[in-house]
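**Q** Just a sequence and a predicted model for now, questions to come.
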Amino acid sequence: MAKYAAAVDQGTTSTRFMIFDHSGKVVAVDQKEHEQIYPKPGWVEHNPMEVWERTQEVIEGALKKASIDPKDIAAIGITNQRETTVVWEKATGKPVYNAIVWQDTRTDTICNELAKDGGQDRFRTKVGLPLATYFSGPKIAWILANVPGVREKAEKGEVLFGNMDTWVIWNLTGGPKGGVHVTDVSNASRTMLMNLETLEWDEEILKIMGVPRAMLPKIMPSSAVYGHAANTGVAGVPVAGDLGDQQAALFGQTCYSVGEAKNTYGTGCFMLLNTGTRAVQSKNGLLTTLGYKIGDQPAVYALEGSIAITGALVQWLRDNLKMIEKSSDIEALAKTVDDAGGIYFVPAFSGLFAPYWKSDARGVIVGMTRYVTRGHIARAALEATAYQTREVLDAMNKDSGVELTALKVDGGMVFNELLMQFQADILGVPVIRPTVAETTALGAAYAAGLAVGFWAQVEDLRANWGKDREWKPQMNADTREAIYKGWKKAVTRTFDWIE
Ligand SMILES: Nc1ncnc2c1ncn2[C@@H]1O[C@H](COP(=O)(O)OP(=O)(O)O)[C@@H](O)[C@H]1O
Ligand SMILES: O=P(O)(O)OC[C@H](O)CO
């Protein structure tokens, strides 16, 4: 009997391979970063070949580190940075262009053109999303319009589109030699091209955006056997789970009931609330998205508050300003001061996502005086994550009509104690970190394990969730609301920057 389930987590900054035992404990992990390519202001790309190479390396690395026999792995799941768009030649596996990353704003003009007829919410009822540079549909349209010869090939199905899940699964199951071209409902719901009700590509939107049906993957459940690995050390193992990383974290945090929510702190921050088998349309700037679909069971929907830049701001202080050496060093630097010294840092580097959806916004630091030190800037950068999360939680409470009484958190930033305490303070509700904070990979491994019977049913997974730490609010309510008011004012200073 197999002992483990595993997952590839293809994130914005890095790729991991993680192997879990039946109780959801991490048995082995390997992780590698890939290059962030910034060809112009507002543009962000990844090299898909590099990502596939890193994927192969971390699979080998994790197997080797824990001396695991691949025969003991029941199934592999894939989870991924969502929306990031790759188009490649079917015959050779060669990308026709770099991957256009979810944070990239180059499709602003395309989105504005599309919004002329019907406004920013033109497709919202059908797809749950506003027209924004974030999503894949306009990114595909950009590649088709700007890379010579690709449109003709796309119409004939000679080039294929995929988000990173599709790209990794296609390569892992054989690439040009029989790789399967699939995605799951959670990833497809981020393209702007999938109809939330039918769970199929929407012919009308495809036509309006000029995206040929022939280049699109088949939409599958999040938990199903798609194929078998054809290469790497896991050759022969079923590939049986596929979830966008934020939906995977919802799944890994065992938020299986209506009203359960989680917030993941990585490059960006993403809060998802399970709304059950009903797609709830947001009136407060949130997204309606697919949560997951297990085999033949009905699909589960979620409301999502997406924030583009949180951990990425810490990275920016590290890489562009050289203020710190490692991301985790920001905590010690922020602790050199007691507060942000009257400044706010609004990181609208990719415009503003939820709840504003303003792609013409750009980042600002406001309230600067000669008093301000590096410590204040570090602190303001961390506080920005917490304030943005408060805005999303407020929207979530309004949309759902229920006040969340605690927030389950995960992701790379949740080991920052100062941030977690400030988060509880600014929300006024406890913040809870589980024992396995790698819930993204865990969620994908769960989806894969469920498909092959390694776990029998979703409800059994709840027993694997355990609380590691809880931060309770300590700030008095007057202070909380006063500093939050300052944040709201600072946000308005980012608006209407790009003409
Ligand atoms: N201790 C820390 N304090 C603040 N930010 C951190 C810390 N550790 C990691 N980060 C940030 O978290 C992000 C990495 O988290 P991760 O969950 O691996 O992200 P992703 O899946 O988006 O690649 C990076 O942006 C990094 O700057
Ligand atoms: O790579 P992450 O963890 O920052 O997640 C990126 C999101 O999926 C973008 O929608």
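**A** Everything's here; your move. Ligands and ions are numbered 1, 2, ... in the order given.

**Q** quick one: contacts for the residue nearest to residue 158 when sequence neighbours are not counted?
**A** With CB to CB, 6 or more residues apart in numbering as the criterion, residue 158 has its nearest non-adjacent residue at 5.7 Å, and that residue is residue 90. (C-beta placed from N, C-alpha, C; glycine too.) Contacts were defined as CB atoms under 8 Å, 6 or more residues apart in numbering; by that measure residue 90 touches 157, 158, 159, 160, 176.

**Q** Tell me the one among these nearest to ligand 1.
**A** residue 160 (24.8 Å; CB to the nearest ligand atom).

**Q** Give the helix, strand or coil label for the residue nearest to residue 91 when sequence neighbours are not counted.
**A** Nearest residue to residue 91, sequence neighbours excluded (CB to CB, 6+ apart): residue 176, at 6.0 Å. Assigned with DSSP: H, G, I helix; E, B strand; the rest coil, residue 176 falls in the coil class.

**Q** thinking again about what came up before, and the contacts of residue 90, which are buried?
**A** Those of these that meet the buried threshold are 159, 160, by 16 or more other CB atoms under 10 Å.

**Q** returning to that earlier point: for the residue nearest to residue 91, give me its contacts.
**A** The contact partners of residue 176, by CB under 8 Å, 6+ apart, come to 90, 91, 92, 93.

**Q** Look at residue 306 and give its secondary structure.
**A** Secondary structure of residue 306, reduced to three states by three-state DSSP: strand.

**Q** burial of residue 200, as a residue count?
**A** A count of nearby residues for residue 200, using other CB atoms under 10 Å, gives 13.

**Q** Contact partners for the residue in the stretch 51-200 of the chain positioned nearest to ligand 1?
**A** Residue of the stretch 51-200 of the chain nearest ligand 1, by CB to the nearest ligand atom: residue 81 (6.8 Å). The neighbourhood of residue 81, defined by CB under 8 Å, 6+ apart, consists of 10, 11, 12, 101, 102, 164, 245, 267.

**Q** can you tell if stretch 262-269 touches ligand 2?
**A** Yes. Applying CB under 6 Å from any ligand atom, one finds stretch 262-269 in contact with ligand 2 at 266, 267, 268.

**Q** Nearest residue to the first one in space, please, no chain neighbours.
**A** Distances taken as CB to CB, 6+ apart place residue 411 nearest to residue 266, at 4.4 Å, with adjacent residues excluded.

**Q** Could you tell me the per-residue confidence at residue 42?
**A** As predicted, residue 42 sits at a pLDDT of 87.

**Q** Name the SS class of it, please.
**A** Using three-state DSSP, the three-state assignment for residue 42 comes out as coil.

**Q** which bits of the stretch 301-450 of the chain sit near ligand 1?
**A** So the stretch 301-450 of the chain meets ligand 1 at 311-312, 314-315, 327-328, 330-331, 411-413, 415-416 (CB under 6 Å from any ligand atom).

**Q** please redo it, this time with the cut-off set to 8 Å
**A** 310-315, 318, 326-328, 330-331, 382, 410-413, 415-416, 419, 440 (CB under 8 Å from any ligand atom).

**Q** just to revisit the earlier point, show the contacting residues for the residue nearest to residue 266.
**A** The neighbourhood of residue 411, defined by CB under 8 Å, 6+ apart, consists of 249, 264, 265, 266, 269, 311, 437, 440.

**Q** Could you count how many residues lie near residue 422?
**A** So residue 422, with other CB under 10 Å, has 25 neighbours.
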